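# fold the following, please.
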Amino acid sequence: MSLSRMKIWNISSLRPLAGANINCQSVRCTASTATAANQDASAVEWDNALPYKDIPKIGFWNLMKRMDEQRKDKKPRYHKLFADLFKEFNYPIMRLSVPFVGDQVVVSRPEDVQTFLANDGKHPVEPGFDFFVMYRHHRKDLFTQSTGLLGSHGEEWYKVRSMVQQDMMRPKSALFYLDDITMVTREFLDLLDKNLDAQGSVPDVIPLIYRWALESVGAIFLDSRIGCLNEPPAKEVDEMVKCVEVCLGDEMMELAGRPPIWKIYKTKTFRRFDAAAEQLFRVTEGMIKEAQKKNKDKVYSSRDEMSVLAKLTQKCGPDSTIPQVMAMDALFAGIDTTGNTSGFLCYLLGANPDKQELMYKEIMEKLPDPTQTITPAIYNELKYTKAVLQETLRMLPVVGGLGRLTTKDMVLSGHQVPSGTRVSFTSPLVMSSEEYFTEPDKFLPERWLRGCPQSKKHHPYAYIPFAHGPRMCIGRRFAELEVHVLAAELIRRYKLVYHGPPVDIITPFVNRPDKPIAMQFIRRN
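From the prediction side, this is the model:
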C-alpha cells in the first residue's frame, strides 16, 4: 500500500469507538506526517533515479523515415514499428525528438503507466488530442462556444466533462437503450441477409457494420433513426462515413504526428482534413438540430426516459453548444471505433469456432426462445459474451495507446522524467506480451472469467482499452452495450465462418483491419 493511500485510509476509516475521545489535531498530524513521508519517499526515488538525458533517443527524421516506410503500402503498422524500436534499444523506455514540440517519452511497462496516470491531477492533458484542440480553436466559426471533450484541455475540458459525466458514464444510462439497440441490430441482420451471396458470404463485413454502428449511435444520442439501414442508405450516411475515413485516417495521423506547419501554410493534407471535418460538422449539425427540435416539446415521465441529447440539452441549457458537439463527436467516433471493434469480433469468432460454440451455448441457455429479447437481467448474465469483447479488445484493439503531459516530476523505468514532458504508452505491445498474458496469441475469452483455469491475474494497467481515470472514454458504456447486443443477436441467428488469412491491425489514426474481413454467415435452424 502506497503512503498516499495510507493517508486516505487513516482519515476515512477512523470511527469513534464508544467512549473514545478523538483528538482532531492528532488526525491532522497523522495526515500531515503521511504526506510529508510520501514527499520524502518521492524525493529519495527522484534523487536515486538515472538522469532524463540517459533515456535512449531516436531522432525525428529517423522516425519519420521509418513511419513513411510504413505508409508506403497504405498499411501502417505502428505497433510493430515501436515493438522493433524497443527491441533494438533493449530498454523499456525511449524518447522521440519532435521539432517545435519537444521530446516525447514512450514507455512499454504497465508499471510506468500506473505511475503517470496516478499523477493525473484535476485536469489531465492527453497530448494525442493536441491537433483536435488546435484545429477546433482555429475553426471558431464552427465551434463558436464549446470545442467539446476532443477539442479542449485544462479548465475548459474539465468544465465540459463535469457537465456530461453523470449522463454518459452511469451503466443505467446505457441500459435504457437496450431495446432500441436490439431493434437496430435485428434490422441490421435483415439487411445482412439481403447482402449475402448464394453461399451466405460477404466480401467484407466492415462497410455494413459501419452502417449499423452509425444507426446505433443515432438511436442513442439523437433518439431518432438516421436511415443507415435503408437500402440504399440515406445520402448523409455515405457522406459521413467518407468524412470519418479522412478525419480518423492517414491525414489525421500525419497532422497529429508532425510539426503544425498548417498554422503557417495550409498543406494539401490539411485542406483534405479541413474539408472533410467541415462537411462532417454540417451534416451532423443538421441531424442534431432536427433531433433537438423534435424533442423540444416532448414530455417525459422521468429523466431516465430522455435521450442523451435531451438530457444534455436540459442540463447545459437550450443555447449551449455542448450537447451538439458531444452528439457530433459520438457520431464521429462511433463509426470507426465501435464499427471496427465489431468487425474484429466477427473475425475472431469466425476463426475460432470452438469459442463461438461456447458463446452460442450461453446465449441459448439465457435466450432459448427465438422471439425473446435481451432484458437488463439477462444482459447482466452474459458473462462469456462480455468476455469475448474483452478478449477482442486485447488482441485487436482499436485504440493504440494513451498519453499524458506530466504535471509533476516522476520516475519512470528508473529515469527522472520532469514535469511538462509528453509521455505515451503503446498498449498493443503489452497486451500481446507473454510477460503479462498467458498464450497471448490465442483467442481465450476464458481468461476474463473468474475461476477459470486460463484466468490469471495480470497487471491492472496492462489492459486499459478505454483508458483510465478522469479521461476514461466517455462513451464506454454505450459502446460496450452496442457490441454485446450485436454479438448476441448475430450468434443467435448465424454461425460465423472465416477461412481467410489472419487479420491484423493498421493505424491510419484509429486502428482498423489490415484487409477486408470476408465472412460466411450460415443460418441456424
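
# most residues in a single helix of the chain, which one?
Ordering each helix of the chain by length in residues (DSSP state H) puts helix 268-295 first.

# which neighbouring elements make contact with that helix?
helix 130-138, helix 235-247, helix 250-257, helix 308-316, helix 322-333 (3 or more C-beta pairs under 8 Å, 6 or more residues apart in numbering; DSSP states H and E). Any C-beta I mention is one placed from the backbone N, CA and C, and that applies to glycine too.

# CA atoms of the helix or strand that contains residue 164 as PDB?
Secondary-structure assignment from DSSP states H and E places residue 164 in helix 154-169. Coordinates of each C-alpha in helix 154-169 appear next as PDB, following Å, rounded to 0.1, in the frame of the first residue of the first chain:
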ATOM      1  CA  GLY A 154      -7.300  22.100 -18.800                       C
ATOM      2  CA  GLU A 155     -10.200  24.000 -17.200                       C
ATOM      3  CA  GLU A 156     -12.100  24.100 -20.500                       C
ATOM      4  CA  TRP A 157     -12.000  20.300 -20.700                       C
ATOM      5  CA  TYR A 158     -12.900  19.900 -17.000                       C
ATOM      6  CA  LYS A 159     -16.000  22.100 -17.400                       C
ATOM      7  CA  VAL A 160     -17.400  20.100 -20.300                       C
ATOM      8  CA  ARG A 161     -16.500  16.700 -18.600                       C
ATOM      9  CA  SER A 162     -18.300  17.800 -15.400                       C
ATOM     10  CA  MET A 163     -21.400  18.700 -17.400                       C
ATOM     11  CA  VAL A 164     -21.700  15.400 -19.200                       C
ATOM     12  CA  GLN A 165     -20.000  12.800 -16.900                       C
ATOM     13  CA  GLN A 166     -23.100  11.700 -15.000                       C
ATOM     14  CA  ASP A 167     -25.400  11.200 -18.000                       C
ATOM     15  CA  MET A 168     -22.700   9.400 -20.000                       C
ATOM     16  CA  MET A 169     -21.000   7.100 -17.600                       C
END
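
# was I right about residue 110 contacting residue 462?
Yes. Residue 110 is within contact range of residue 462, at 4.3 Å (criterion: C-beta atoms under 8 Å).

# more neighbours: those two, which one.
Between residue 110 and residue 462, counted using other C-beta atoms under 10 Å, the more crowded position is residue 110 (22 against 19).

# pLDDT score for that one?
Each residue has a pLDDT score; the one for residue 110 is 96.

# same question, residue 3
Model confidence at residue 3, given as pLDDT, is 33.

# on that earlier part again, the helix holding residue 164: how far from the chain's middle?
Counting by C-alpha atoms, centre = their mean, to the nearest Å, helix 154-169 is centred 17 Å from the centre of its parent chain.

# okay, buried residues for it please.
156-157, 160-161, 163-164, 167-169 (16 or more other C-beta atoms under 10 Å).

# tell me the helices and strands packed up against it.
Right, helix 154-169 is packed against helix 308-316, helix 322-333, helix 476-493 by 3+ C-beta pairs under 8 Å, 6+ apart.

# the shortest one to helix 476-493, inter-axis angle?
Translated: helix 308-316. Counting by axes from the mean of the first three to the mean of the last three C-alpha atoms, to 10 degrees, helix 308-316 lies at 170 degrees to helix 476-493.

# so what's the gap between helix 308-316 and the chain middle?
That offset, for helix 308-316, works out to 23 Å (C-alpha atoms, centre = their mean).

# now the second one
Per C-alpha atoms, centre = their mean, the displacement of helix 322-333 from the mean C-alpha position of its chain is 15 Å.

# ok, and what's touching that helix?
Outside helix 322-333, the residues that touch it by C-beta atoms under 8 Å, 6 or more residues apart in numbering are 143, 145-151, 160, 163-164, 214, 217-218, 220-222, 240, 244, 247-248, 280-281, 284-285, 287-289, 291-292, 308-309, 312-313, 316, 475, 478.

# using PDB, list the CA coordinates for the helix or strand following it.
The first helix or strand that comes after helix 322-333 along the chain, using DSSP H and E, is helix 339-351. Extracted in PDB, the C-alpha atoms of helix 339-351 (Å, rounded to 0.1, in the frame of the first residue of the first chain):
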ATOM      1  CA  GLY A 339     -17.600  -0.400 -36.100                       C
ATOM      2  CA  ASN A 340     -14.000  -1.800 -36.300                       C
ATOM      3  CA  THR A 341     -14.300  -3.500 -32.900                       C
ATOM      4  CA  SER A 342     -17.400  -5.300 -34.000                       C
ATOM      5  CA  GLY A 343     -15.700  -6.300 -37.300                       C
ATOM      6  CA  PHE A 344     -12.700  -7.700 -35.300                       C
ATOM      7  CA  LEU A 345     -15.100  -9.600 -33.000                       C
ATOM      8  CA  CYS A 346     -16.800 -11.200 -36.000                       C
ATOM      9  CA  TYR A 347     -13.500 -12.300 -37.400                       C
ATOM     10  CA  LEU A 348     -12.200 -13.800 -34.200                       C
ATOM     11  CA  LEU A 349     -15.400 -15.700 -33.600                       C
ATOM     12  CA  GLY A 350     -15.400 -17.000 -37.200                       C
ATOM     13  CA  ALA A 351     -11.800 -18.000 -36.900                       C
END
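
# sweet, I'm off.
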